[in-house]
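Asks: the amino acid sequence is not available; the structure is as follows:
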């Protein structure tokens with residue numbers, strides 16, 4: 001049943017590849033004037049990612065309250081970015097990976113924070129040519145974010161499966177629906193969160209990491225879900241960037257409803273954190289490998305669930321709450337994704353159809369990028 005709390009505020013940050021409209025590849029360097037034009041348009045809501053060809057549209061605060069607001073915000077920001085990009089013969093693409101860009105040719109951005117990532121992680125950083133989505137959901141100060149996070153953890157592979165958009169890398173199908181997750185797994189402080197009983201224990205761990213020189217700043221700890229280092233919120237990092245705004249909002253809505261539901265159930269925590277971690281690790285692999293077509297372990301680690309059955313279980317658990325918060329369409333969109341495919345499915349289908357039509361492999365890959373451009377910004 002719905003709880004008595006107002007729907008928590010939320011924010012969404014998206015990362016984009018900037019694609020050359022002529023070659024559909026990523027430029028090694030951005031055209032002169034683009035960054036200044038984008039910063040003038042977005043102010044503090046724009047930043048460069050690790051590479052010149054990757055940019056992020058940030059949230060100043062996770063202050064959205066209605067999913068309709070989120071939709072309007074995402075569409076407006078994407079349209080504004082696409083308009084600026086077009087002036088420089090560029091187009092934004094919101095997807096986990098670019099189908100054929102070569103990471104060897106990508107120049108790091110000039111941001112000092114990103115430069116320290118390359119110094120600390122070397123080739124791991126240079127290979128991390130990927131885009132994700134970041135979702136923040138506000139958690140009241142009197143609620144322990146780690147206890148909420150522990151309750152949310154089990155469901156993360158379902159959100160990943162719905163978001164998968166990175167099946168192609170280096171010009172070839174990878175066999176994974178989210179190759180971006182394989183790239184993220186190379187980093188030392190990404191992946192499944194360590195287990196902590198509460199937020200004070202987590203804060204002590206963070207202090208130790210900083211004091212020991214293991215990380216430079218709190219934001220370097222970028223688990224698939226984490227207490228936000230900037231806001232009083234839980235932050236979802238473990239999903240791919242979604243070309244479709246509606247797919248993105250599906251993940252956002254489900255995550256918000258899940259966090260809200262978990263706030264009232266912090267006493268109902270996993271009895272066996274080790275088993276939870278083992279099941280989560282297995283389910284994450286299945287979501288990464290098979291996407292919405294995987295079979296997933298239930299909380300006992302014994303029965304297998306299809307993505308459809310898992311989404312139905314989610315609806316039974318927190319569907320009423322989602323409806324009360326205005327997020328009920330998330331389940332409708334989730335069922336749509338399960339029936340018609342995620343972005344990863346669409347990309348692979350477009351690639352196969354182009355090859356079957358007799359196009360050379362490179363042209364088939366270009367066709368995939370064309371589809372991603374169209375889906376990202378409505379071209």
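Replies: That came in fine, so what should we check first? The model shown is predicted, which means the values in this text are computed figures rather than measured ones.

Asks: what's the burial count for residue 313?
Replies: Taking other Cβ atoms under 10 Å as the criterion, the count of residues near residue 313 is 16. All C-beta atoms are positioned from the backbone trio N, CA, C, and that covers glycine.

Asks: touching, it and residue 305? I think so.
Replies: Yes: applying Cβ atoms under 8 Å as the test, residue 313 and residue 305 come out as touching, 7.0 Å apart.

Asks: where do the strands sit along the stretch 251-379 of the chain?
Replies: Along the stretch 251-379 of the chain, the stretches classed as strands by DSSP state E, counting those that start in this stretch are 295-297, 304-306.

Asks: need the winner for burial among those.
Replies: The highest mean neighbour count among the strands of the stretch 251-379 of the chain, using mean count of other Cβ atoms under 10 Å, belongs to strand 295-297: a mean of 18.

Asks: who does that one touch, helix- and strand-wise?
Replies: Here strand 295-297 is seen to pack against helix 273-290, strand 304-306 when contacts are counted using 3 or more Cβ pairs under 8 Å, 6 or more residues apart in numbering; DSSP states H and E.

Asks: dump those into a markdown table; add distance to residue 120 as well.
Replies: What follows is those, written out as a markdown table (distance: least, Cβ to Cβ, whole Å):
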| stretch | distance to residue 120 |
| --- | --- |
| helix 273-290 | 25 |
| strand 304-306 | 39 |
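
Asks: mind checking which of the ones you listed is nearest residue 378?
Replies: Within the helices and strands packed on strand 295-297, the stretch nearest residue 378 is helix 273-290; the backing value is 28.3 Å (Cβ to Cβ).

Asks: pLDDT weak spots in the stretch 251-379 of the chain?
Replies: Counting by pLDDT under 70, the stretch 251-379 of the chain contains low-confidence ranges at 266-268, 379.

Asks: hmm, 80 instead?
Replies: Low-confidence segments of the stretch 251-379 of the chain, defined by pLDDT under 80, are located at 265-271, 300-303, 378-379.

Asks: please identify the most buried of the helices and strands packed on strand 295-297.
Replies: helix 273-290 (a mean of 18).

Asks: by contact count, what packs against that one?
Replies: Counting contacts by 3+ Cβ pairs under 8 Å, 6+ apart, helix 273-290 packs against helix 156-163, helix 179-184, strand 295-297.

Asks: the ones you listed: which one's closest to residue 38?
Replies: Distances from residue 38 to each of the helices and strands packed on helix 273-290 were compared using Cβ to Cβ; the minimum, 23.4 Å, belongs to helix 179-184.

Asks: who touches that closest one?
Replies: 96-97, 127-132, 160, 165-169, 174, 176, 190-191, 238, 240, 284, 288 (Cβ atoms under 8 Å, 6 or more residues apart in numbering).

Asks: so which of those belong to strands?
Replies: With strands taken from DSSP state E, the overlap with the contacts of helix 179-184 comprises 168, 169, 190, 191.

Asks: now flag whichever of the residues you listed is closest to residue 297.
Replies: Once Cβ to Cβ is applied, the member of these that ends up nearest residue 297 is residue 191, at 18.2 Å.

Asks: list the contacts of that closest one.
Replies: 184, 185, 223, 224.

Asks: of all the helices and strands packed on helix 273-290, which one is nearest residue 323?
Replies: The minimum distance between residue 323 and those falls on helix 156-163, with 18.5 Å, by Cβ to Cβ.

Asks: what helices or strands is that closest one leaning on?
Replies: In this structure, helix 156-163 packs against helix 245-263, helix 273-290, helix 307-324, with contacts taken as 3+ Cβ pairs under 8 Å, 6+ apart.
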